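Colleague: Below are the sequence and a predicted model; questions follow.
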Amino acid sequence: MSDELIEKISKLKKEKKAVVLAHNYQRSEIQDVADAVGDSIELSRRAVEIDAKLVVFSAVDFMAQSAAILNPDKEVVIPRAGARCPMAQMLTPEVVEAYRRRYPSLPLVVYVNSLAETKALADICCTSANAVKVVESLNSDRVLFGPDRNLAEYVASRTGKEVIPVPEWGFCPVHVMYDSKCVEEARAAHPDAVFMAHPECPPEVLEKADYVGSTSQMVRYAKQSSALKFVVATEVGLLHRLRKENPSKRFFPAVEDALCVNMKANRLLDVVECLAGGGHRVVVEPKVAERARKALEKMFEVS
């Protein structure tokens with residue numbers, strides 16, 4: 001990491017009254033210069049609390065949109081406009097409308113890993129951490145849920161409700177890299193390690209995992225656990241934070257190359273350029289932002 005870039009970032013943050021927020025999957029050098037590291041909603045809510053005029057949100061598109069929706073009084077910029085989440089693109093407003101016509105009486109739960117225009121059509125949003133609680137809160141035994149099919153199946157298994165995936169095939173390209181074979185290989189290589197998996201992983205992985213949770217839940221679990229070794233089934237960027245915050249413990253990736261190229265699109269130099277007046281300002285159309293904010297606020301009320 002360039003000491004010159006780090007020094008420049010520190011100077012620009014003070015000059016611009018700015019903060020840098022980085023998702024758990026960002027490059028390690030960006031996590032190290034960030035004012036806060038966490039999952040998408042943790043960071044968006046942190047942005048509300050922080051006294052800043054400029055928020056540099058180093059993540060992918062939908063995350064920066066959520067920050068802009070919840071912080072209309074702040075300027076939110078993303079380092080790379082091309083840092084897009086493939087799964088979020090799978091649930092378009094047109095897909096939502098088609099399912100609404102097919103199931104007009106069912107509530108729609110939209111995972112925060114979705115674009116603002118899709119959140120605006122939801123009855124309520126959820127995160128991977130609170131999805132079960134959100135679905136349980138709804139007065140319906142049948143629920144539409146999108147865009148991640150694996151998370152929908154996980155929620156169904158935990159709630160006993162019929163959770164209809166919208167679309168039928170929605171997935172995270174990173175988490176579908178995991179399968180039962182990788183769990184078996186990890187257990188053979190690290191028999192005394194705790195296997196942690198993200199709920200976006202396929203059911204066959206979740207069934208064999210010792211712990212299932214979101215990135216923020218994994219971080220908390222690893223800190224509180226007496227275990228000294230962990231195998232982690234999620235995007236490999238999380239391992240940097242886990243190792244940094246738990247120096248006496250060891251963490252191993254369940255799949256070495258489980259890397260999101262979209263998350264890694266942001267570079268340290270891009271963060272510098274954002275603070276210097278570059279970057280890409282995140283703008284959400286007011287009516288869309290208002291409706292999406294209501295769906296997010298309903299989620300906050302439940303969780």
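Modeller: The structure has been received and is ready for your questions. Note that this is a predicted model, so its numbers are computed, not measured.
Colleague: and the nearest residue in space to residue 198 that is not next to it in sequence, what does it touch?
Modeller: Leaving aside its chain neighbours, residue 198 sits nearest to residue 234 (4.1 Å; criterion: C-beta to C-beta, 6 or more residues apart in numbering). The way it works is simple: take the backbone N, C-alpha and C, and place the C-beta from them, glycine included. Taking C-beta atoms under 8 Å, 6 or more residues apart in numbering, we find residue 234 in contact with 174-175, 196-198, 200-201, 215, 218, 258.
Colleague: out of those residues, which are inside helices?
Modeller: 215, 218 (DSSP state H).
Colleague: From one end of stretch 181-199 to the other, what's the distance?
Modeller: Its start and end residues considered, stretch 181-199 measures 17 Å (C-alpha to C-alpha, to the nearest Å).
Colleague: Run through who's touching that stretch.
Modeller: Residues outside stretch 181-199 that contact it (C-beta under 8 Å, 6+ apart): 128, 131, 150-151, 154, 175, 178, 205-206, 208-215, 218, 221-222, 225, 227, 229-234, 250, 252, 254-255.
Colleague: Quick check: buried residues in it?
Modeller: 182-183, 186-187, 190, 193-199 (16 or more other C-beta atoms under 10 Å).
Colleague: got it, and stretch 66-73?
Modeller: In terms of neighbour count (16+ other C-beta under 10 Å), stretch 66-73 has its buried residues at 66-71.
Colleague: Just put the residues you listed in a markdown table and tack on secondary structure, pLDDT and distance to residue 58.
Modeller: Conversion of the buried residues of stretch 66-73 to a markdown table gives the following (DSSP: H, G, I helix; E, B strand; the rest coil; pLDDT from 0 to 100; distance: C-beta to C-beta, whole Å):
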| residue | secondary structure | pLDDT | distance to residue 58 |
| --- | --- | --- | --- |
| 66 | helix | 94 | 14 |
| 67 | helix | 92 | 11 |
| 68 | helix | 94 | 14 |
| 69 | helix | 95 | 18 |
| 70 | helix | 93 | 17 |
| 71 | coil | 91 | 15 |
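Colleague: from the residues you listed, which is closest to residue 294?
Modeller: Nearest to residue 294 out of the buried residues of stretch 66-73 is residue 69 (C-beta to C-beta; 10.1 Å).
Colleague: Of the contacts of stretch 181-199, just the buried ones, PyMOL syntax please.
Modeller: In PyMOL, this line selects whichever of these come out buried by 16+ other C-beta under 10 Å:
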select buried, resi 128+131+150+151+154+175+178+205+206+208+209+212+213+214+215+218+221+222+227+230+231+232+233+234+254+255
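Colleague: now, which of the contacts of stretch 181-199 lie within helices?
Modeller: 131, 150-151, 154, 205-206, 215, 218, 221-222.
Colleague: Need the max-distance pair from those residues.
Modeller: So, these by C-beta to C-beta: farthest apart are 150 and 222, at 22.0 Å.
Colleague: Mind jotting down where the strands sit in the stretch 151-300 of the chain?
Modeller: 162-165, 194-197, 211-212, 229-233, 250-253, 280-281 (DSSP state E, counting those that start in this stretch).
Colleague: just to revisit the earlier point, would you tell me which one of the buried residues of stretch 66-73 comes nearest to residue 288?
Modeller: residue 69 (8.5 Å).
Colleague: these two touch, right, the closest one and residue 292?
Modeller: Yes - with contact defined as C-beta atoms under 8 Å, residue 69 reaches residue 292; the gap is 5.3 Å.
Colleague: pLDDT and distance to residue 52 for the contacts of residue 234 - can I get that in a markdown table?
Modeller: Listed next are those as a markdown table, based on pLDDT from 0 to 100; distance: C-beta to C-beta, whole Å:
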| residue | pLDDT | distance to residue 52 |
| --- | --- | --- |
| 174 | 98 | 30 |
| 175 | 98 | 32 |
| 196 | 98 | 33 |
| 197 | 98 | 35 |
| 198 | 98 | 30 |
| 200 | 98 | 31 |
| 201 | 98 | 35 |
| 215 | 96 | 23 |
| 218 | 98 | 28 |
| 258 | 97 | 33 |
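Colleague: Reformat the contacts of residue 234 into TSV and put distance to residue 238 next to each item.
Modeller: Formatted as TSV, these follow (distance: C-beta to C-beta, whole Å):
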residue	distance to residue 238
174	11
175	12
196	9
197	12
198	9
200	13
201	13
215	5
218	7
258	10
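Colleague: thinking in terms of the whole chain, how far from its middle is stretch 288-303?
Modeller: Relative to the centre of its chain, stretch 288-303 is centred 16 Å away, using C-alpha atoms, centre = their mean, to the nearest Å.
Colleague: no no, stretch 244-262
Modeller: Stretch 244-262 has its C-alpha centroid displaced from the chain centroid by 16 Å (C-alpha atoms, centre = their mean).
Colleague: could you dump it to PDB, C-alpha only?
Modeller: Presented in PDB, the C-alpha positions along stretch 244-262 are these (Å, rounded to 0.1, in the frame of the first residue of the first chain):
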ATOM      1  CA  LYS A 244      -7.300  -8.200  11.500                       C
ATOM      2  CA  GLU A 245      -9.800  -8.200  14.400                       C
ATOM      3  CA  ASN A 246      -8.800 -11.700  15.700                       C
ATOM      4  CA  PRO A 247      -5.000 -11.900  15.500                       C
ATOM      5  CA  SER A 248      -4.900 -15.000  17.700                       C
ATOM      6  CA  LYS A 249      -7.200 -17.000  15.500                       C
ATOM      7  CA  ARG A 250      -6.800 -18.500  12.000                       C
ATOM      8  CA  PHE A 251      -9.200 -18.200   9.100                       C
ATOM      9  CA  PHE A 252      -9.200 -20.200   5.900                       C
ATOM     10  CA  PRO A 253     -11.200 -19.700   2.700                       C
ATOM     11  CA  ALA A 254     -13.500 -22.500   1.800                       C
ATOM     12  CA  VAL A 255     -12.800 -21.700  -1.900                       C
ATOM     13  CA  GLU A 256      -9.500 -19.800  -2.600                       C
ATOM     14  CA  ASP A 257     -10.800 -17.900  -5.600                       C
ATOM     15  CA  ALA A 258     -14.200 -17.000  -4.300                       C
ATOM     16  CA  LEU A 259     -13.700 -13.400  -5.400                       C
ATOM     17  CA  CYS A 260     -16.200 -10.800  -6.600                       C
ATOM     18  CA  VAL A 261     -14.600  -8.900  -9.500                       C
ATOM     19  CA  ASN A 262     -17.300  -6.200  -9.100                       C
END
